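> From the sequence below, what's the structure:
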Amino acid sequence: MEIREIVVPEINVVHDLPQVAIPQAPPVTLDLGVPVIELPHFNPMDMEPEVQPPKVTPPKVKPAEPAAAKPPPVKLPKKEEDKSEALPVIPEPTVEMKSLPQRIVEAIPTIPQAVNTAGTSVIAVSAALATPLLLKAIKPTIKKLAKKLQKALGKKVKVESVYERRKFQRSLRK
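Down below sits the predicted model:
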């Protein structure tokens, strides 16, 4: 048996290494399907000199209707105007042009309006901020009252496991 000589073949660097190319735009990886709305598109006319366009024919004129087919015109009875029942004439309102400073002063809300709006905003913000705190304070009390009420009515109260009690206590910490 003969042992061969160890040979490492040469690697031609120019031909064997793949070229690294960074794409200009990311490839499309999500196919959403056909668009729902048909968008208008442009089809230019085919301008071939040998082909003649089709002749355009004017629409056919409809014959006039016979005079007997037309209904007679409606005549409304004339009402005599009674001058004693005439409506009073309403004068047109006149628009008064005001200067810019005067219009700005009139646009500013009054003090009662501003106080009312500010009070409403303060109440709304304080209620929104206090809601989580109130729920954490009130929920255990309501739960205890519900258990006592069920016991007083004679219903069997479900005994909570240690896991359920811990879970409830941890929910109060958040």
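
> any idea of the pLDDT on Lys148?
At Lys148, the pLDDT value in this model is 88.

> can you tell me the helix or strand for it?
Assessed by DSSP states H and E, Lys148 sits inside helix 111-153.

> Remind me what the very next helix or strand once past that helix packs against, helices and strands.
Downstream of helix 111-153, the next assigned helix or strand under DSSP H and E is helix 162-173. Contact here means 3 or more Cβ pairs under 8 Å, 6 or more residues apart in numbering; DSSP states H and E; on that basis helix 162-173 packs against helix 111-153. For every residue, glycine as well, the C-beta is placed using N, CA and C.

> Distance from the helix it packs on to the middle of the chain?
Taking Cα atoms, centre = their mean, to the nearest Å, one finds the center of helix 111-153 at 32 Å from the center of the full chain.

> In the chain, where is pLDDT below threshold?
Residues of the chain that meet the criterion pLDDT under 70 lie in 12-20, 23, 25-42, 46, 48-49, 51, 53, 65-69, 80-86, 174.

> let's go with 80 and repeat that
Scanning the chain for pLDDT under 80 picks out 1, 11-54, 59, 61-73, 76-88, 93, 95, 133-135, 156-159, 172-174.

> related to what we said a few turns ago, for the helix holding Lys148, packing partners?
helix 162-173.

> just the angle between the helix it packs on and helix 111-153, please?
170 degrees (axes from the mean of the first three to the mean of the last three Cα atoms, to 10 degrees).

> Return the alpha-carbon coordinates of helix 162-173 using PDB.
Presented in PDB, the C-alpha positions along helix 162-173 are these (Å, rounded to 0.1, in the frame of the first residue of the first chain):
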ATOM      1  CA  VAL A 162     -53.500  30.700  48.300                       C
ATOM      2  CA  TYR A 163     -52.500  31.200  44.600                       C
ATOM      3  CA  GLU A 164     -55.700  33.200  43.900                       C
ATOM      4  CA  ARG A 165     -55.200  35.400  47.000                       C
ATOM      5  CA  ARG A 166     -51.500  36.100  46.100                       C
ATOM      6  CA  LYS A 167     -52.600  36.900  42.500                       C
ATOM      7  CA  PHE A 168     -55.200  39.400  43.700                       C
ATOM      8  CA  GLN A 169     -52.700  41.000  46.100                       C
ATOM      9  CA  ARG A 170     -50.100  41.300  43.400                       C
ATOM     10  CA  SER A 171     -52.600  43.000  41.100                       C
ATOM     11  CA  LEU A 172     -53.100  45.600  43.800                       C
ATOM     12  CA  ARG A 173     -49.400  46.500  43.700                       C
END
